[in-house]
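*Asks:* Next comes the sequence, and after it the predicted model I'd like to discuss.
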Amino acid sequence: MRKLLVALALAMPWQQAAGEEISSAYVETDADRDCVVFDKAGSDDGDYANGVCPGYRGYPVLVFAADLRESVFYGFPPADFIDVPWQSFETFNRAAGKAEWRISSHDGKAIPFATIRRWYVQAEPAEEDKEIEVLVVSKVGQPGKADGCVVALVLATGKPNANEMARKIADEQVRDFACGADERVMVGEPMPVFYSEGKTQN
């Protein structure tokens, strides 16, 4: 029943409020220059580093890196970062430095509700010298809600319309997406394996 309700919801585009405008802002993040590391591995703790970076107009970006993989959370996280989920691809990967923020402007307020970011994902071992490009659509965690998570994956390699598809998903589906309950949207095949660990696992 839950999947049926989700399918129906995805088939019915999110309705914009009267007078609302949706626009994009592009934010470039240089981890070495812009981010502050708040936790990292010690000499005997493996290889990981967690940092907080500036996002769009006061909305932070949390970047978690471990074993040549990254997980990114946009917006305001749960208290003390305890319940921030690890969401990443199974094989080695890295996110592009620039993210597209989708912003809703209405009644003098501008609220970022989604991000779109290109990821470079190592292909399966048989083709480990190749990278697959995927656009990751994420919900931005709002103050007091901490409801951020990955909503959709759009295969970008060889897909000239991938950006348009990612924006359509962001604008029509992200705001009604229930992290931890709704099924993640997947567009394109073969899609690299993506997994979640933590509170918003789905």
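*Replies:* Sure, I can see it. Residues are numbered from 1 along each chain as shown.

*Asks:* Which strand or helix spans Val27?
*Replies:* Here Val27 sits within strand 21-28, counting by DSSP states H and E.

*Asks:* if I pick the residue nearest the centre of the chain, what's in contact with it?
*Replies:* Note on the chain: the residue nearest the mean C-alpha position is Ser138, at 3.1 Å, using C-alpha atoms, centre = their mean. Applying C-beta atoms under 8 Å, 6 or more residues apart in numbering to Ser138 gives the contacts Val72, Phe73, Tyr74, Ala114, Thr115, Ile116, Arg117, Gly148, Cys149, Val150, Val151, Val174. Every residue, glycine included, has its C-beta placed from N, CA and C.

*Asks:* With Glu100 instead?
*Replies:* Shown in contact with Glu100 (C-beta under 8 Å, 6+ apart): Ser24, Ala25, Tyr26, Thr115, Ile116, Arg117, Arg167.

*Asks:* neighbour-wise, which of these leads?
*Replies:* Thr115 (29 neighbours; other C-beta atoms under 10 Å).

*Asks:* about what we covered before: save the contacts of Glu100 as TSV, and put in pLDDT too.
*Replies:* Listed next are the contacts of Glu100 as TSV, based on pLDDT from 0 to 100:
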residue	pLDDT
Ser24	98
Ala25	98
Tyr26	97
Thr115	98
Ile116	98
Arg117	98
Arg167	98
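
*Asks:* List just the nearest of those residues to Glu189.
*Replies:* The nearest member of the contacts of Glu100 to Glu189, counting by C-beta to C-beta, is Ile116 at 19.7 Å.

*Asks:* gap between the helix or strand that contains that closest one and the chain center?
*Replies:* Take DSSP H and E as the rule and Ile116 turns out to sit in strand 109-122. What separates the centre of strand 109-122 from the centre of its chain is 5 Å, taken as C-alpha atoms, centre = their mean, to the nearest Å.

*Asks:* Convert the lengthiest helix in the chain to CSV, retaining C-alpha atoms only.
*Replies:* Secondary structure assigned by DSSP state H gives helix 162-173 as the longest helix of the chain. Extracted C-alpha coordinates of helix 162-173, given in CSV (Å, rounded to 0.1, in the frame of the first residue of the first chain):
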residue,chain,number,x,y,z
ALA,A,162,19.9,14.6,-17.3
ASN,A,163,20.0,18.1,-15.8
GLU,A,164,16.5,18.9,-16.9
MET,A,165,15.2,15.6,-15.5
ALA,A,166,17.0,16.3,-12.1
ARG,A,167,15.5,19.8,-11.9
LYS,A,168,12.0,18.4,-12.6
ILE,A,169,12.3,15.8,-9.9
ALA,A,170,13.7,18.4,-7.5
ASP,A,171,10.9,20.9,-8.1
GLU,A,172,8.0,18.4,-8.2
GLN,A,173,8.9,15.7,-5.7
